[in-house]
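**Student:** Show me the folded form of this:
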Amino acid sequence: MKILWHSNAPWTATGYGVQTRVFAPRIRDLGHDVAISAFYGLEGASIQWDGMTVYPRAFHPYGMDVIAPHATDHKADVVITLVDAWVIDHTKIEGTGAKWAPWYPVDHDPIPQRVADAVKHAWQPLTYSHHGTDASFAAGLSPVYVPHGIETDVYTPTPQAEARKRLGLPPGAFIIGIVAANKGLPSRKALPTQFEAFARFHERHPDALLYVHTHLGPEMDGIDVSATMRAVGIPEDAVRVCDQYRNVMGYSDRVMASLYSALDVLSSPTMGEGFGVPIIEAQACGTPVIIGGWTAMPELLGAGWTVTDAERMLTPMGAYQYMPSVAGVLDAYESAYKARGDNALREQARAFAMRYDADEVTATYWAPALAAMAARLKAPATLPPVEVTS
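**Tutor:** Predicted coordinates:
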């Protein structure tokens with residue numbers, strides 16, 4: 001089957017870029033002819049990457065001006081889009097004769113009508129969380145569940161003392177980490193709430209340190225991180241932030257694995273997640289996590305704590321996300337502090353994350369889904385849509 005994968009370039013440090021890098025070669029190795037259409041990360045000319053053509057973007061922010069000619073040039077049978085489904089103009093794909101298979105997030109509850117209206121035009125919807133699958137079925141859609149995945153031979157535990165020495169972090173501190181994109185207002189990743197909870201936590205536990213891995217400025221319509229931390233009263237010596245230039249250029253997976261290993265807990269009770277890759281990456285490195293009890297996050301919790309106290313918020317998408325309460329996040333921090341140094345919990349985290357190993361996901365989910373799609377292409381009038389795997 002000839003597949004055009006439309007998403008971010010595989011060398012970019014975005015969540016979409018990481019999944020492209022992880023799965024495009026593995027899908028190619030299943031015997032499919034894969035090319036990548038990069039609406040972010042490449043301009044000016046096509047190049048070869050890992051034996052695959054990577055097509056560039058042009059002017060439209062999501063590549064709608066080039067998706068059809070890229071599909072035609074590759075002679076694609078199927079176009080898999082890894083991006084919000086509602087930004088895709090399905091008529092562009094259909095005009096080439098290719099089939100549209102969106103691999104799309106659902107980070108609201110219920111599924112936003114705008115998302116459902118887009119996906120109803122898909123030939124084969126693909127969702128990467130059970131939450132997304134269930135919400136889609138409730139809206140009358142028929143997706144196949146294919147989760148995101150990580151390379152667990154890279155995201156693997158490093159002894160905490162060794163990881164902290166490597167990164168220059170204090171050996172005796174209780175370190176809470178936040179790895180999140182600073183986008184949107186209100187903060188999609190609930191950054192001000194987590195900062196305020198940490199400020200109160202640090203008053204009780206002066207040995208606590210907050211590591212923040214994000215862009216600090218408001219350039220992506222996010223918050224001014226430094227100003228917000230000052231406003232809630234976090235002392236400057238209680239915070240470490242990632243190098244801003246390296247963050248733009250992209251930290252390597254091995255450095256990120258060391259960072260997760262250095263943490264006592266990853267704090268990620270966001271307003272909503274379509275998946276939440278850092279939650280799995282951290283647990284693969286043996287680090288427990290704090291998540292919110294809504295959207296896709298509960299299904300990703302193998303070791304850690306769930307924040308359930310939250311205010312439901314109607315977003316511009318016409319569906320709900322949840323803003324965690326400061327008190328709820330603070331309670332989770334206290335629970336994590338009490339479990340400090342619990343090696344059994346760290347082993348539990350690693351064991352759980354292994355189910356999202358990229359090779360396991362490829363064999364268990366991608367391989368049968370793509371085989372069924374290929375069969376449908378050969379006999380579209382006689383074969384039903386792909387059945388949900390799990």
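
**Student:** my guess is residue 212 is in a helix, correct?
**Tutor:** No - using DSSP: H, G, I helix; E, B strand; the rest coil, the secondary structure at residue 212 is strand, not a helix.

**Student:** Is it correct that it is in contact with residue 238?
**Tutor:** No - the criterion here is CB atoms under 8 Å, and residue 212 misses it with residue 238 at 11.0 Å. Where you see a C-beta, it was placed from the backbone N, CA and C, and this is true even at glycine.

**Student:** In stretch 105-113, which residues are buried?
**Tutor:** By neighbour count on 16 or more other CB atoms under 10 Å, the buried set for stretch 105-113 is 105-112.

**Student:** Could you list the low-pLDDT ranges of the protein?
**Tutor:** Residues of the chain that meet the criterion pLDDT under 70 lie in 380-390.

**Student:** Go through the one helix or strand residue 377 maps to and flag the buried ones.
**Tutor:** Using DSSP states H and E, residue 377 sits within helix 367-378. By neighbour count with 16+ other CB under 10 Å, helix 367-378 contains the buried residues 369-370, 372-374, 376.

**Student:** cool, and stretch 23-41?
**Tutor:** Of the residues in stretch 23-41, 23-28, 30, 32-41 count as buried by neighbour count, 16+ other CB under 10 Å.

**Student:** just stretch 219-227 next, same as before
**Tutor:** Within stretch 219-227, the residues that count as buried by 16+ other CB under 10 Å are 222-223, 225.

**Student:** Using a markdown table, lay out these together with secondary structure and distance to residue 91.
**Tutor:** Shown next, in a markdown table, are the buried residues of stretch 219-227 (DSSP: H, G, I helix; E, B strand; the rest coil; distance: CB to CB, whole Å):
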| residue | secondary structure | distance to residue 91 |
| --- | --- | --- |
| 222 | coil | 33 |
| 223 | coil | 37 |
| 225 | helix | 40 |
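
**Student:** CSV please, covering the residues you listed and showing distance to residue 51.
**Tutor:** Formatted as CSV, those follow (distance: CB to CB, whole Å):
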residue, distance to residue 51
222, 37
223, 41
225, 40
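
**Student:** ranges for the strands of the stretch 151-300 of the chain?
**Tutor:** Under the criterion DSSP state E, counting those that start in this stretch, the stretch 151-300 of the chain contains strands at 174-179, 208-213, 239-241, 265-268, 289-292.

**Student:** between these, which gets nearest to residue 186?
**Tutor:** Proximity to residue 186, assessed across these by CB to CB, is greatest for strand 289-292 (14.0 Å).

**Student:** of residue 212 and residue 238, who's got more company?
**Tutor:** Between residue 212 and residue 238, residue 212 has the larger neighbour count (other CB atoms under 10 Å), namely 24 against 18.

**Student:** about what we covered before: looking at the buried residues of stretch 23-41, which are in helices?
**Tutor:** Among the buried residues of stretch 23-41, DSSP state H puts 23-28 in helices.

**Student:** Identify the farthest-apart pair in these.
**Tutor:** Spatial extent of those (CB to CB) is set by the pair 23 and 28 at 9.4 Å.

**Student:** who touches both of the two?
**Tutor:** Here residue 23 and residue 28 have no joint contacts, going by CB atoms under 8 Å, 6 or more residues apart in numbering.

**Student:** Residue 293 contacts residue 306, correct?
**Tutor:** Yes - counting by CB under 8 Å, residue 293 touches residue 306, with 4.6 Å between them.

**Student:** and of the buried residues of stretch 105-113, the nearest to residue 208?
**Tutor:** residue 107 (29.3 Å).

**Student:** Checking the closest one next. Helix, strand or coil?
**Tutor:** Assigned with three-state DSSP, residue 107 falls in the coil class.

**Student:** Can you list phi and psi of it for me?
**Tutor:** Here is the backbone geometry of residue 107 (degrees, to the nearest 10): phi -110, psi 20.

**Student:** residue contacts, it?
**Tutor:** When contacts are taken as CB under 8 Å, 6+ apart, residue 107 is in contact with 272-274, 295-296, 321.

**Student:** before we move on, the earlier item: who does the helix holding residue 377 touch, helix- and strand-wise?
**Tutor:** strand 99-104 (3 or more CB pairs under 8 Å, 6 or more residues apart in numbering; DSSP states H and E).

**Student:** partners of the strand it packs on, with directions?
**Tutor:** Sheet pairing of strand 99-104 (DSSP bridges) gives strand 78-82 (parallel), strand 126-127 (parallel).

**Student:** Need the contact partners of the helix or strand that comes right after the shortest one.
**Tutor:** Next along the chain after strand 126-127, taking DSSP H and E as the criterion, comes helix 130-138. Applying CB under 8 Å, 6+ apart, the contact partners of helix 130-138 are 104-106, 108-111, 116, 119, 125, 127, 142-143, 145, 274, 295-296, 299, 388.

**Student:** Between strand 99-104 and helix 130-138, find me the angle.
**Tutor:** Computed by axes from the mean of the first three to the mean of the last three CA atoms, to 10 degrees, the angle separating helix 130-138 from strand 99-104 equals 130 degrees.
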